[in-house]
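S.K.: Model the structure of this input:
(chains A and B)
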2 protein chains.
Amino acid sequence: MPQGDTVNRRIVLAAHPQGLPTPRHFRLEESAVPAPGEGQVLLRTLYLSLDPYMRNLMDEAGTGYASAVPLGAPMVGGTVGRVVASRHPRFRAGDLVLGNAGWQDYALSDGTDLVALGEMQRPSLALGGLGMPAFTAYVGLLDIGQPKPGETVVVAAATGAVGAVVGQIAKLRGARVVGIAGGADKCRYAVEELGFDACLDRRDPQLARTLAAACPDGIDVYFENVGGAVFDAVLPLLNQYARVPVCGVIAHYNEDAPAPGPDRLPKTMATVLQKRIRMQGFIILDHYGERFEAFRRDMSQWIAAGQVKLREDVVDGLENAPAAFIGLLEGRNFGKLVVRVAEA
Amino acid sequence: MPQGDTVNRRIVLAAHPQGLPTPRHFRLEESAVPAPGEGQVLLRTLYLSLDPYMRNLMDEAGTGYASAVPLGAPMVGGTVGRVVASRHPRFRAGDLVLGNAGWQDYALSDGTDLVALGEMQRPSLALGGLGMPAFTAYVGLLDIGQPKPGETVVVAAATGAVGAVVGQIAKLRGARVVGIAGGADKCRYAVEELGFDACLDRRDPQLARTLAAACPDGIDVYFENVGGAVFDAVLPLLNQYARVPVCGVIAHYNEDAPAPGPDRLPKTMATVLQKRIRMQGFIILDHYGERFEAFRRDMSQWIAAGQVKLREDVVDGLENAPAAFIGLLEGRNFGKLVVRVAEA
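M.R.: As a prediction, the model looks like this:
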C-alpha cells in the first residue's frame, strides 16, 4: 500500500445500496493531504476498524443515533492513527491516538474526538478488545444480560469482535456458554480456544434442534447481535425471566423491503409476556461516561492474565476495505476485522 | 337466576376453540352441591370475574404460567363468594372471601387460595379496582413503565379494567395520557370522566396519523395490552429510552395459525435497538408478595378521594357468562366485566 506523502486516498460512498453492498457502492478517490489549521492535528491512519453498524450509515436515512454518510463523503469509521503534524496544544507529532478518521489515509481533527493511547504493543486492540466492540460485549452482557453462575448464555457471531468477548466474559462469570458461528473452523475455535461449552454452525438446517440439545436447561441470556434464523431457534428455548440485550440485527441490515411473512411478532410478544422476558436495546455510545473505565480496567487484566483471548482478522491496504467490509456482512471474517492502512 | 340449594350449575369447557370462542365451546351442566370435607369450606359464588387471560386457558396447551382447563372441567376464574358451610378453622359461614371458584354457583376450597374480604360496600371491586386487573395496571405502569412527569403514556383498551387504571395512575404521576378505545362513547368517557388528555378510536383507519398528532412529543411508555394494529401505530412514535410493559396481546389470543406477513419482527427489533427501548413481560401472579399491600393502600386512598374512578360492566346470571366473555374478547364490554352470580 504505497502512497506518497502528498496524496490522501479515501474511500467515499458512491451510492446508497439496496440490500448487500457491492464494490460499486464505494469509490476510491485521491486528494491532497490537508494541512492542519490552528487548533487542529493531521492524523495518519494506521488501523481502520470495520464494523457492521457502518452498513446502516450507508442508507439515506442513517439511524436514530448516527447520521448517514452523505454521497461522495468518506465512509466513517474508528481508527488508530499517528499525529503527523499538530497545531493543537494537547497533541504532538508522533502521538498514537484513537479517533474517527474514517476510510482514508489522512484526516484532520480538532482533537475533541481523540483519545491518547500512549504506546501500545498492539495498537489495533484499541479498535477491538480494548475498544468499542469489546465494550459493547461488556455492557450488554454484564449490565443488561446479568448472567448468574450456572445460567446458560447464547451468543451468535461467536468468533466475531463482540460475540467472542461476550462468551468469554460469560464464562468468567460462571455461566454455561453456547455459541453460534459460521462453519466448523469457527466453531472449533470457539470451543477449543475461547472455552465455550458448545458452538453450533449457523448454517445447520436443524439449528433449532441442535440448539435445544446444547441448552438442556434452556436459555437465560441471549445476546442478540444477528436476528434472523438464530432468533427463531432461541425464542422457544428462553427461560422464565430471560434477558435479551439487543445489540444488533445484522441479518436484517441489508433488507430493503418489508420482510415476507409469516409475521413473527405476535409469537415473540406472547413469549415475552408469558416468560416475563426483558428485551432491551442499547447503543454503546451512551455508556462511555459511566462504564468505560471499569471496562478498560477489567479487560486489561483479563487480557494480561490470558483469560480473554482476542483474534484479529487483519486486511492489508485501504483499497481492500470495501471487499473486506462486504465479507464482514456475509460473515466471512474470522475475528475482529481491521484494515492495516499503514505500518505502525 | 334462580336455582335450588341442592343444584350446582357450572359452565364447563366443551371444546377447544380455534380462533374466537363461540357458545358451543361452553356447556352448562348441573350437579349436586358438594359437601365440605374436613378442612374445607363450601363457597357460594356472588361475583365472577371475566378476563382476557381466560382465552389462553381454553387452548389445549394452556400458557407458560397457568394450566389449561381440561375438557369437561369448569372454566376457571376469580370470584367473590360467601362461605356457606365451613369445616376450616380460619373461615366461618357468612364470611365474604376472594377466591377462585370458577364459573359455577358453588365450589369447595381448602382455604389456601382464599383471602378474607371483611364486609365491602362493593364486593365486586375485589375483582377489579382493588383486585387483579388494577394491580396489573399498578405494577406494570409504576414498576416497569416508570412514567415521569410530563412524559407521554399510551394505553389501549382504555376504558377496560386494566387500561382505565393505567391511565388514571399515569395522570396522578403527572404524565400526559393518550388512550385508545373502541368507539366514540368509550373515548368520550376516557377523556371526560377518567381525565385522559386524549382518546382515539381504535377502528379509525388513520390511527397511525391521529396517534402521531395526539402525541406531539412522542411516546415514553406504551402499556401493551392489545397488540395488533395499535402496536404498529405506536412503534414509530416511541421515544429514546421508551418502556413497554407487556401485559397482554388480546388481538392475538384468538389466532390459531402463524400470522400472515409482512414479518413485523425485524423492524420492531431494529427500533428496540436504535431507540434503546426496554420491553418487559410480566405476569401479575409473581408480584403479590412484594407489591400487593402497597397497591391496596394506594388504590384505596385514590378511590376514596375520587382520584380513580371505576366503572363496572355487570352481567346478571351465570348462564350469561359465555356470551359476556365472547363480547369481552370482541371489546363489547364497557368497564370491568363481572358476572353477578347471586345477590350479595
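S.K.: By mean pLDDT, which helix or strand of chain A comes out lowest?
M.R.: One helix or strand of chain A scores below all others by mean pLDDT, DSSP states H and E: helix A:250-253, with a mean of 66.
S.K.: could you point out which element follows that helix?
M.R.: helix A:265-274 (DSSP states H and E).
S.K.: Do that next one and chain B come into contact?
M.R.: Yes - with CB under 8 Å from any CB of the partner chain as the criterion, chain B is reached by helix A:265-274 at A:L265, A:P266, A:K267, A:T268, A:M269, A:A270, A:T271, A:V272, A:L273, A:Q274. The C-beta positions use only the backbone N, C-alpha and C, and glycine is treated the same way.
S.K.: Next one: the second one relative to B:R203, how far apart?
M.R.: What that stands for is A:P266. 20 Å (CB to CB, to the nearest Å).
S.K.: So, low pLDDT: which residues of chain A?
M.R.: A:1-4, A:64-65, A:250-257 (pLDDT under 70).
S.K.: redo that, cut-off 50
M.R.: Within chain A, the stretches falling below the threshold (pLDDT under 50) are A:1-4.
S.K.: how does it divide up, domain by domain?
M.R.: Annotated domains of chain A cover A:7-125+A:311-340, A:132-284 [automatic domain parsing].
S.K.: Comparing these, which comes out most buried?
M.R.: domain A:132-284 (a mean of 21; mean count of other CB atoms under 10 Å in any protein chain shown).
S.K.: I'd guessed A:G167 sits against A:Y189; true?
M.R.: No - counting by CB atoms under 8 Å, A:Y189 is not a contact partner of A:G167; they are 11.2 Å apart.
S.K.: Nearest residue to the residue in the stretch 151-300 of chain A that chain B sits nearest to in space, ignoring adjacent ones along the chain?
M.R.: When scored by CB to the nearest CB, the stretch 151-300 of chain A has A:G261 as its residue closest to chain B, at 2.0 Å. Excluding the flanking residues, the one nearest A:G261 by CB to CB, 6 or more residues apart in numbering or on different chains is B:G261, at 2.0 Å.
S.K.: Helices along the stretch 151-300 of chain A, start to end?
M.R.: Using DSSP state H, counting those that start in this stretch, the helices of the stretch 151-300 of chain A run over A:163-172, A:184-192, A:207-214, A:228-234, A:250-253, A:265-274, A:288-304.
S.K.: how about those helices, which one is nearest B:G111?
M.R.: Ranking the helices of the stretch 151-300 of chain A by proximity to B:G111 (CB to CB) places helix A:265-274 first, at 28.7 Å.
S.K.: That closest one to helix B:265-274, inter-axis angle?
M.R.: 50 degrees (axes from the mean of the first three to the mean of the last three CA atoms, to 10 degrees).
S.K.: Run through the neighbouring helices and strands of helix A:265-274.
M.R.: strand B:238-246, helix B:250-253, helix B:265-274, strand B:278-281 (3 or more CB pairs under 8 Å, 6 or more residues apart in numbering or on different chains; DSSP states H and E).
S.K.: quick one on the thing from earlier: contact partners for the residue nearest to A:G261?
M.R.: Contact analysis of B:G261 by CB atoms under 8 Å, 6 or more residues apart in numbering or on different chains lists A:P258, A:A259, A:P260, A:G261, A:P262, A:D263.
S.K.: Which one, of the helices and strands packed on helix A:265-274, ends up nearest to A:I284?
M.R.: helix B:265-274 (11.0 Å).
S.K.: Only alpha carbons, please: show the closest one as CSV.
M.R.: This file holds the C-alpha atoms of helix B:265-274, laid out as CSV (Å, rounded to 0.1, in the frame of the first residue of the first chain):
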residue,chain,number,x,y,z
LEU,B,265,-40.3,-8.5,14.0
PRO,B,266,-37.1,-7.2,12.2
LYS,B,267,-38.5,-3.6,12.2
THR,B,268,-39.5,-4.0,15.9
MET,B,269,-36.1,-5.3,16.9
ALA,B,270,-34.3,-2.5,15.0
THR,B,271,-36.5,0.0,16.8
VAL,B,272,-35.8,-1.6,20.1
LEU,B,273,-32.1,-1.3,19.4
GLN,B,274,-31.9,2.1,17.9
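S.K.: Please list the outside residues in contact with the host helix or strand of A:S31.
M.R.: Here A:S31, judged by DSSP H and E, is contained in strand A:26-32. Around strand A:26-32, the neighbours that count as contacts under CB under 8 Å, 6+ apart are A:6-14, A:75, A:319, A:321-322.
S.K.: in its sheet, what does it sit against?
M.R.: strand A:7-13 (antiparallel) (DSSP bridges).
S.K.: Check the gap between A:L96 and chain B for me.
M.R.: 32 Å (CB to the nearest CB, to the nearest Å).
S.K.: Excluding chain neighbours, what is closest to that residue?
M.R.: Using CB to CB, 6+ apart, the closest residue to A:L96 is A:L117 (4.5 Å).
S.K.: isn't the one you found right up against A:F91?
M.R.: No - using CB under 8 Å, A:L117 is not in contact with A:F91; the gap is 11.5 Å.
S.K.: circling back to that earlier point, quick one: residues contacting the residue nearest to A:L96.
M.R.: Here A:L117 is in contact with A:V80, A:L96, A:V97, A:L98, A:P123, A:A126 (CB under 8 Å, 6+ apart).
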